[in-house]
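In: return a 3D structure for these sequence lines:
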Amino acid sequence: MRPLLIVRKMSQSASIEQLSALRMKYNERKDAFLEQNIKVKDPFCLFRDWLDAALNTKEIIEPNAAALATVDASGKPSNRFVLVKEASAEGFTFFTNYGSRKAEDIACNANVAIAIYWMPLRRSVRIEGIAEKISREASLKYFHERPRASQIGAAASPQSQRIPSRSYLDEVEAGIKAKLGADGEVPLPNWGGYLVRPSVIEFWQGQTDRLHDRIRFRRGQGVADEVDGQLVHKGENGWVYERLAP
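Out: The predicted model follows:
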């Protein structure tokens, strides 16, 4: 817990003019992230190992919080935080309103990027891939696993659309509650999940000397032809991996 407390003290005492002087202590050379320490050369296996470590680090409040980047039809990027609700060999799943800005961007350009940062572990994961809607059945199943208040909130909110006031949301929510009663099932709104099928997954671990460790996994057409055993190495399940300079 101490490293987290140090950061908080620095943030509270430092002024904007002192931002350039802020320094975070990362890992020492003896704790470098090395290829030979990756038991299975498959990024999904490695991600599960890192996620398990994050889940068991009490200072990390939301280990599944991730920044999702999208691009609209004009090429303008947008970024926001979502919660990754499933990580499998297929990819990474998050849920949202299908009328939201992120959903509109994905409809125009399905290429997305995800970044996860676990500060107490000095680790980050970057993911690039294609987002696709999951089945309505899978979305409905997860929707009704959520707390009822969250279901009603999703139904009440026209995400990313202009609304006149906070009280507008309260009124819509109250109307839904009155209509459904205490036990009525909340119908699935224009809401559901996306599965991000990755073509790139990069693992970053911070080093105090700023010679950070970066190991990138890639898969897709032609990547196997790049394997030379020096810069590009063969992984498992169609993946190749390589070390990048920090």
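
In: my guess is residue 87 contacts residue 45. True?
Out: No. The pair residue 87 and residue 45 fails to qualify as a contact (CB atoms under 8 Å) at a distance of 11.1 Å. No exception for glycine: its C-beta is placed from N, CA and C like everyone else's.

In: quick one: which of these two has more around it?
Out: Of the pair residue 87 and residue 45, residue 87 is the one with more neighbours under other CB atoms under 10 Å, namely 18 against 15.

In: contacts only, for the more buried one.
Out: With contacts taken as CB atoms under 8 Å, 6 or more residues apart in numbering, residue 87 has the following neighbours: 44, 47, 48, 51, 93.

In: those helices in the protein, which residues are they?
Out: For the chain, helices defined by DSSP state H occupy the ranges 2-13, 43-55, 101-108, 136-143, 148-156, 166-180.

In: and those helices, which one is worst for confidence?
Out: Comparing mean pLDDT across the helices of the chain, the weakest is helix 2-13, with a mean of 44.

In: and the pLDDT at residue 89?
Out: Taken from the predicted model, the pLDDT recorded for residue 89 is 94.

In: count the residues that sit near it.
Out: 9.

In: tell me who's in contact with it.
Out: If a contact means CB under 8 Å, 6+ apart, then residue 89 has 44, 237 as its contacts.

In: quick one on the thing from earlier: in ChimeraX, how would I select just the buried ones from the contacts of residue 87?
Out: A single ChimeraX command selects the buried members of the contacts of residue 87 (16 or more other CB atoms under 10 Å):
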select :44,47,51,93
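
In: tabulate the contacts of residue 87 (TSV), appending distance to residue 110.
Out: As requested, the contacts of residue 87 are exported to TSV (distance: CB to CB, whole Å):
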residue	distance to residue 110
44	20
47	21
48	25
51	24
93	15
